[in-house]
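Trainee: pasted the sequence and its predicted model underneath.
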Amino acid sequence: MKSGFVTIVGRPNVGKSTILNRLLGTKLVAVAPKPQTTRHKVLGILTEEDYQIVFTDTPGIFKPKYALQKVMVKHALSTLEDTDLTLVVVEPFRMETDIVEKLSHPAILAINKVDLLKNKPKLLPLMDEYQKFKLIQEIIPTSALYDKGIDELKQELVKLLPDEELYYPGDYLSDKNERFFAAEIIREKIFILYGQEVPYATTVVIEDFKERERGKYFIGATIYVERRTEKMIIIGKGGRAIKELGRRAREEIESRIDHPIYLELWVKVRKGWRKNLQDIREFGYG
């Protein structure tokens, strides 16, 4: 049996979460076109007959501007120390020297989004540059969007796993509960539906999650924003925007838990919460 921990790192919006979902064969973590969608460290557990990979999806590594971003980057960097392998995800448009220089464990490099590279021969010099780093064991071109290179990536990860017994029961998919994923689904839909800065000023707290023996489950969630204008944008004219948000979130949550739900959403203002460490900890990011 081979089992080990694999930390996924890279800049925001390079496709880390999409790659994780592809490797697991199911949608576990939130994905959206906007950068910095991932805020938490999330374990994704892949168990097969002869191996188990415990993935850690991390927030992107970037230069933070306020307290919440500092906490996110700190979490991402801390996972580089406590892991068996590192999966570094980069884009094919530039070298990420500053990230690979932080490596302290053997790593596999996934050059993602190669479907966007018009001049394929340019990929070879980039791969040559990355091969100069001794901790990088393999370099795999991938396109997570089109599920290209994912099987090869998985095979190479398994080869480097240590010989260990299972860390988690074989039916575990994550260390997070359904309340967490319900909040993440709502937050993902906010990132998809609303433009500009609004999604970054929001967080979602599940206030109630009642599983009933008969009828629909009840989920009550509060969406926190920083300004009253953001609250009005989330709600929309005549409540149309929040109704669409609720519809999309409800459908995905129902699909995930395989049970009908009644989803109730509230919007509240918590001024400057992203810059307040107490608020950040209260909302589960500390």
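Mentor: Arrived safely, thanks for sending. Just so it is clear, the structure is predicted and the values come from calculations on it, not from any experiment.

Trainee: counting contacts, what elements does the helix or strand hosting Phe218 pack onto?
Mentor: Assigned by DSSP states H and E, Phe218 belongs to strand 217-225. Here strand 217-225 touches helix 178-193, strand 203-210, helix 228-235, strand 261-269, going by 3 or more CB pairs under 8 Å, 6 or more residues apart in numbering; DSSP states H and E. Every C-beta, even on glycine, is put in place using the N, C-alpha and C of the backbone.

Trainee: tell me what angle the longest one forms with strand 203-210.
Mentor: Read that as helix 178-193. Comparing the axes of helix 178-193 and strand 203-210 via axes from the mean of the first three to the mean of the last three CA atoms, to 10 degrees yields an angle of 140 degrees.

Trainee: try the last one
Mentor: Counting by the same axes, to 10 degrees, strand 261-269 points 140 degrees away from the direction of strand 203-210.

Trainee: got the contact list for the strand holding Phe218?
Mentor: Strand 217-225 is contacted from outside by 182-183, 186, 190, 198, 201-212, 231, 234, 253, 257, 259-270, 273, 283, using CB atoms under 8 Å, 6 or more residues apart in numbering.

Trainee: tell me the mean pLDDT for that strand?
Mentor: Mean per-residue pLDDT for strand 217-225: 97.

Trainee: before we move on, back to that, please identify the most buried of the helices and strands packed on strand 217-225.
Mentor: helix 178-193 (a mean of 21; mean count of other CB atoms under 10 Å).

Trainee: then it to PDB, C-alphas only?
Mentor: Provided in PDB are the C-alpha atoms of helix 178-193 (Å, rounded to 0.1, in the frame of the first residue of the first chain):
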ATOM      1  CA  GLU A 178     -21.400  19.300   4.500                       C
ATOM      2  CA  ARG A 179     -22.000  22.600   6.200                       C
ATOM      3  CA  PHE A 180     -18.600  23.700   5.000                       C
ATOM      4  CA  PHE A 181     -19.200  22.700   1.400                       C
ATOM      5  CA  ALA A 182     -22.700  24.200   1.400                       C
ATOM      6  CA  ALA A 183     -21.100  27.600   2.300                       C
ATOM      7  CA  GLU A 184     -18.400  27.100  -0.400                       C
ATOM      8  CA  ILE A 185     -21.000  26.400  -3.000                       C
ATOM      9  CA  ILE A 186     -22.900  29.600  -2.200                       C
ATOM     10  CA  ARG A 187     -19.700  31.500  -2.200                       C
ATOM     11  CA  GLU A 188     -18.700  30.000  -5.500                       C
ATOM     12  CA  LYS A 189     -22.000  31.100  -7.100                       C
ATOM     13  CA  ILE A 190     -21.300  34.600  -5.800                       C
ATOM     14  CA  PHE A 191     -18.000  34.600  -7.600                       C
ATOM     15  CA  ILE A 192     -19.600  33.500 -10.800                       C
ATOM     16  CA  LEU A 193     -22.700  35.800 -10.700                       C
END
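
Trainee: helices or strands up against it?
Mentor: Under the contact criterion of 3+ CB pairs under 8 Å, 6+ apart, helix 178-193 touches strand 203-210, strand 217-225, helix 240-257.
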